[in-house]
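> sharing a sequence plus its predicted fold:
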Amino acid sequence: MSHAAIHDQHDDHHGAPKGFFQRWCMSTNHKDIGTLYLIFALTMFFIGGSFAMVIRAELFKPGLQLVQPYFFNEMTTLHALVMIFGAIMPAFVGLGNWMIPLMIGAPDMALPRMNNLSFWILPFAFVLLLSTLFLPGGGPAGGWTMYPPLALQSGSLAYVVFAIHLMGISSIMGAINIIATILNMRAPGMDLLKMPVFVWSWLITAFLLIAVMPVLAGAVTMLLTDKYFGTSFFNPGGGGDPVLYQHIFWFFGHPEVYIMILPAFGIISEVIPTFARKPIFGYKAMVFAIASIAFLSFIVWAHHMFAVGLPLGADIFFMYATMLIAVPTGVKVFNWVSTMWGGSMTFETPMLFAIAFVILFTIGGFSGLMLALVPADFQYQDSYFVVAHFHYVLVTGALFAIISATYYWLPKWTGRMYNEFWGKVHFWNSVVWVNVLFFPMHFLGLAGMPRRIPDYNVAFANFNMISSIGGFLFGASQLIFLGVLIHCVFFSKKKAGERAWEGAKGLEWTVPSPAPHHTFDVPPIIHDEELAHGNVNA
Amino acid sequence: MGQQHDAYFVPTKSFWPFVAAAVMFTTMFGAAHWLNAEPGDSGFGRTVLAVGAIGVLGMFFGWFRSVINESLSGRYNSQVDTSFRMGMMWFIFSEVMFFGAFFGALFYIRMFSVPWLGGEGHGALTHQFLWSNYAASWGADGGNGPAHVGGSFSTVAAWGLPLLNTLILLSSSVTVTIAHHALRAGHRGKILVFLGMTVLLGALFLNFQAHEYIEAYRELNLTLHSGVYGATFFLLTGFHGLHVTLGTIMLSVIWFRVLKGHFSKEHHFGFEAVAWYWHFVDVVWLCLFMFVYIL
């Protein structure tokens, strides 16, 4: 009894349970639940992507071409909600689920049943959210930020609020699980400062999630009571203030932005050392930089509201606090570059996406700095420049990191190598078209094109057409990704070894590929030289 | 084997999480449908809501029963215990942040939005052109804003029922702590008495709270519609009341579990989790008493 994990059911010792419902709906297995999360995220990525295609098609030419303005607004709102809560966040949770136990030598997540609940809430929550498209009153169309009073006019507000409550419950439980796993389930000898940076980034992200998801729940609850129960939180006539909503929302919203990028930092910090065949430069600095960014994320929220009429002192405080974030972020970018410096680099698909991340995310960071300047922001506010900025950090930032992680760990998940040629085709198409798609938006924004509109001045026609072409081709490029994934999972003949990549270090590469249904039934013996950061104190 | 964790524990498969997700969805869908019901609606949303709510109760009962049975069979080791403890602590932290949103709203409204409406700081023009008659203040005179939403109202006096409720909750924290010490000393009779007192004090609190609400609605004209004063008052005290209700139910469950001898001197995470929760609810009340009733 003392040398095997205590599983209550005999079949758990051997492999996955047989029945479909038993395996996928009753699971307590972090790998199966991780897979569910990743498949869900991929599905939502294509649904949210199709909304984006509608947006770009409508904006292909000036004038109303294809859809009604209300439907266009539904598309912009739902594109954001689906991509943030349905694609990016669940993808990171899925990666965390799969990899954290493998990376710290744990048999599973600390609270496996709650893990399953966290996942299964999500499909239900999105049924609730997307069902609003088919309701008589239509879906939410006031933007994903749901500012009152506009959001209060939406007939489907209750559905959206409850869907967000469900997503919040799911995220909080997922985050609690990740913290408990990392703090309580590490194998003996896996000290905190020997953990992979990805695990560190998730520990800090989980803290952010628990701190801010309840705040979002509070904000949308106030919307709900204002609309349906006659309260006056956001009604100045009753002593309230619509700007109050923006404060509460962005107190959630800004840490949320880092929830979507810190795990990406972690991924890139795993991928680059592997393919540069060098340990990460400045491991401790990387960890402390993530922690500083997380701390700063709580005191910068009002930079989303510079133009709303804040007192001048507030504008100035939030401007300086925001610019401070460039310091730890700069530390990270320099450390990634220094890791590559003098390394024996090879350029497999995960590494290509990681390098693209470093360059393009930095561009997104620079445009963020521009937006952080109060006087300049008065011009950029609510223009396509903002759209360009956050798509550079979220698409070429968060999404590229997720794609990089998928290629990087796919051999570990499936036991097979993906097709490197088609992976590279996917990469080059993505990286070219994503820039064709988003770079012109900078110019459009600086020239004054407002965001969230279905029609625009003819002066903006050329760049919009270029952007739309980039959008369609970037969207189509992701079908290559789907093809590579399907080929790898079902058809690839090329087996992956335990250590699928020559330079890969860490516990996850000491178990067979594909990782068996149960790993580390017994706490593994940690050999520091196997770890990516085993000798940090040396 | 002992309670050392030289081996890991992974729980068996369970259908409760899936059931939980399904009944939560049912509840939320029913509630949303109900809120959007037109006059003359068939009551479909309300029915779905009721079915979902019953499902949630059943799910909690079933899930906890299976966990309690596993715990009693001695399958959980000390590592599982630590995971549960961390889970509960972080859950309470998330609750703190949830209340933080509403307290934050209260502070913002009192410090900024109401004074601005009265012409302070950069609210001067709004005041002059929209509501030049409005003298900003909190409470009965200005708490429902320049439009006097909900009509004039009076506030609940802090030194009546709210003070009594403060004393009740503080005593209940003492009794639950005495029960905890008794549990560690192994005096079951004493636990039952003091835990029982805690449950009764919780129920008494809720009873007084209900009285206070009835009085506010019937005699003070203080309602959810009473501008932002009524909104913050009822949402803060209301969410707190919900948490007291939940805490009282949990304490009662723990009382029955003590009666059945579920807890030992060393093994009583369930008891401690509920005790932590109770203290949390108590602290929230102290903040409420201070910032909602007194100040």
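Alright, I've got the coordinates.

> ok, longest helix in chain B?
Ranked by number of residues, the top helix in chain B under DSSP state H is helix B:227-259.

> contacting residues around residue B:146?
Counting by C-beta atoms under 8 Å, 6 or more residues apart in numbering or on different chains, residue B:146 makes contact with A:236, A:237, A:239, B:117, B:130, B:131, B:133, B:134. Any C-beta I mention is one placed from the backbone N, CA and C, and that applies to glycine too.

> how about a cut-off of 6 Å?
Residue B:146 is in contact with B:117, B:131, B:134, counting by C-beta atoms under 6 Å, 6 or more residues apart in numbering or on different chains.

> got JSON lines for these, with distance to residue B:46 too?
Shown next, in JSON lines, are the contacts of residue B:146 (distance: C-beta to C-beta, whole Å):
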{"residue": "B:117", "distance to residue B:46": "38"}
{"residue": "B:131", "distance to residue B:46": "39"}
{"residue": "B:134", "distance to residue B:46": "40"}
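
> next SSE after the helix or strand of chain A with the lowest mean pLDDT?
Every helix and strand of chain A was ranked by mean pLDDT, DSSP states H and E. The lowest is strand A:6-7, at a mean of 50. Downstream of strand A:6-7, the next assigned helix or strand under DSSP states H and E is helix A:20-25.

> residues in contact with that next one?
With C-beta under 6 Å, 6+ apart as the test, helix A:20-25 has contacts from A:16, A:17, B:18.

> same thing but at 8 Å, please
For helix A:20-25, the external contacting residues (C-beta under 8 Å, 6+ apart) are A:16, A:17, A:32, A:36, A:116, A:120, B:13, B:15, B:18.

> again with stretch A:154-161
If you take C-beta under 8 Å, 6+ apart as the criterion, stretch A:154-161 is touched by A:81, A:128-129, A:131-132, A:135-142, A:146, A:151, A:220-221, A:223-224, A:227-228, B:29, B:31-32, B:35-36.

> filter the residues you listed to the buried ones?
Neighbour counting by 16 or more other C-beta atoms under 10 Å in any protein chain shown classes A:81, A:128-129, A:132, A:138-142, A:146, A:151, A:220-221, A:223-224, A:227-228, B:29, B:31-32, B:35-36 among the contacts of stretch A:154-161 as buried.

> so which helix or strand takes in the residue nearest to residue A:92 when sequence neighbours are not counted?
Distances taken as C-beta to C-beta, 6 or more residues apart in numbering or on different chains put residue A:263 closest to residue A:92, at 4.3 Å, once the chain neighbours are dropped. Residue A:263 is part of helix A:262-276, with elements assigned from DSSP H and E.

> for the helix or strand that that helix is followed by, which positions count as buried?
Next along the chain after helix A:262-276, taking DSSP H and E as the criterion, comes helix A:283-296. By neighbour count with 16+ other C-beta under 10 Å, helix A:283-296 contains the buried residues A:283, A:286, A:287, A:289, A:290, A:291, A:292, A:293, A:294, A:296.

> if I look at the last one, how far off is chain B?
Same thing as residue A:296. As defined by C-beta to the nearest C-beta, to the nearest Å, residue A:296 lies at a distance of 18 Å from chain B.

> tell me the buried residues in stretch A:343-356?
Within stretch A:343-356, the residues that count as buried by 16+ other C-beta under 10 Å are A:343, A:348, A:349, A:350, A:351, A:352, A:353, A:354, A:355, A:356.

> so who does the fourth one touch?
Meaning residue A:350. Going by C-beta under 8 Å, 6+ apart, residue A:350 touches A:271, A:274, A:275, A:404, A:405, A:407, A:408.

> and the helices in chain B, which stretches?
For chain B, the helices defined by DSSP H occupy B:16-35, B:44-72, B:78-108, B:114-117, B:124-130, B:161-185, B:188-215, B:227-259, B:269-288.

> elements contacting the first one?
This points to helix B:16-35. In this structure, helix B:16-35 packs against helix A:112-131, helix A:157-184, helix B:44-72, with contacts taken as 3 or more C-beta pairs under 8 Å, 6 or more residues apart in numbering or on different chains; DSSP states H and E.

> go on, the shortest one?
On a contact count with 3+ C-beta pairs under 8 Å, 6+ apart, helix B:114-117 meets helix B:124-130.

> contacts for stretch B:268-280?
Stretch B:268-280 is contacted by residues B:68, B:71, B:81, B:84-85, B:88-89, B:92, B:95-96, B:172-173, B:176-177, B:179-180, B:183, B:198, B:202, B:246-247, B:250-251, B:253-254, B:257-258, B:262-263 when judged by C-beta under 8 Å, 6+ apart.

> and the residues you listed, which are buried?
Buried members of these, scored by 16+ other C-beta under 10 Å, are B:71, B:81, B:84-85, B:88, B:95-96, B:172-173, B:176, B:179-180, B:183, B:198, B:202, B:247, B:250-251, B:253-254, B:257-258, B:262-263.
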